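Visitor: Let's see this in three dimensions:
(chains A and B)
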Amino acid sequence: SQQGEEDPQALSIQEGENATMNCSYKTSINNLQWYRQNSGRGLVHLILIRSNEREKHSGRLRVTLDTSKKSSSLLITASRAADTASYFCATGGSTLGRLYFGRGTQLTVWP
Amino acid sequence: NAGVTQTPKFQVLKTGQSMTLQCAQDMNHNSMYWYRQDPGMGLRLIYYSASEGTTDKGEVPNGYNVSRLNKREFSLRLESAAPSQTSVYFCASSDGQALNQPQHFGDGTRLSIL
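Guide: Below you'll find the predicted structure:
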């Protein structure tokens, strides 16, 4: 399967702490993307990292990519209760537009 | 700017009934997608349309048909609904003309089949 696999499946932290989620995949990729899904809503794109990039930042988000280990991590710094959501990684290959989604990490941030 | 709009938001069907899920995007995107999301399974691609006039099967196409009506609209049809098709269905769109494009999602249709 080309799907990414997120780890852990669930993560529970206090406000102000950092949250780290990992994604592993099996095939070569062109890019890796992270999405957030709030309860009852659609997925929202957070950040995209290309296969020739190692690290990318966007606000409180930091994404790393290690193509030799076929893995990526998403770090959310100084978490807030509003960050409570499911987070999905998605890998893009050589087929234009197609993405392969993992099963997600459920993040709960307690006030 | 609505983005991706899906209708209906909720639907209950009886086994064997048919229905069409509608999706429209206003971002002038070339590519559109239909996914289903089941607990513990993540998102699985049902069908996609790389450009107007083309459609291709994804990972789980059986029991579904699609129509790319024009550049804006991409519909998903269940001809004879089965309980195994109870799921949340998401439509998405992307520019699709280059690699490394994000997808934009609607808020889903929650479908229950009794």
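
Visitor: which residues does the residue in chain B positioned nearest to chain A contact?
Guide: Here the residue of chain B nearest chain A is residue B:105; by Cβ to the nearest Cβ that distance is 3.5 Å. Backbone N, C-alpha and C define where each C-beta goes, glycine included. Counting by Cβ atoms under 8 Å, 6 or more residues apart in numbering or on different chains, residue B:105 makes contact with A:42-44, B:4, B:90-92.

Visitor: and with 10 Å instead?
Guide: Neighbouring residues of residue B:105 by Cβ atoms under 10 Å, 6 or more residues apart in numbering or on different chains: A:35, A:37, A:41-45, B:3-4, B:6, B:33, B:35, B:43, B:90-93.

Visitor: Repeat that for residue A:60.
Guide: So residue A:60 contacts A:18-19, A:75-80, A:83 (Cβ under 10 Å, 6+ apart).

Visitor: for chain A, what are the low-confidence residue spans?
Guide: Scanning chain A for pLDDT under 70 picks out A:1-2, A:94, A:96.

Visitor: whoops, I mixed them up, chain B
Guide: The model of chain B has pLDDT under 70 over residues B:1, B:96-99.

Visitor: and if we set it to 80?
Guide: For chain B, the stretches flagged by pLDDT under 80 are B:1-2, B:40-41, B:96-100.

Visitor: Pick out the residue nearest the middle of it.
Guide: Nearest residue to the geometric centre of chain B (Cα atoms, centre = their mean): residue B:34, 2.7 Å.

Visitor: thinking it is in contact with residue B:66, fair?
Guide: Yes: taking Cβ atoms under 10 Å as the definition, residue B:34 is a contact partner of residue B:66 at 6.4 Å.

Visitor: residues shared between the contacts of these two?
Guide: B:21, B:23, B:46-49, B:55, B:58, B:74-76.

Visitor: Dump the residues you listed into TSV; add neighbour count and distance to residue A:60 as well.
Guide: Formatted as TSV, the shared contacts of residue B:34 and residue B:66 follow (neighbours: other Cβ atoms under 10 Å in any protein chain shown; distance: Cβ to Cβ, whole Å):
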residue	neighbour count	distance to residue A:60
B:21	23	35
B:23	25	32
B:46	23	34
B:47	22	36
B:48	26	32
B:49	22	35
B:55	17	39
B:58	17	33
B:74	28	34
B:75	17	38
B:76	22	36
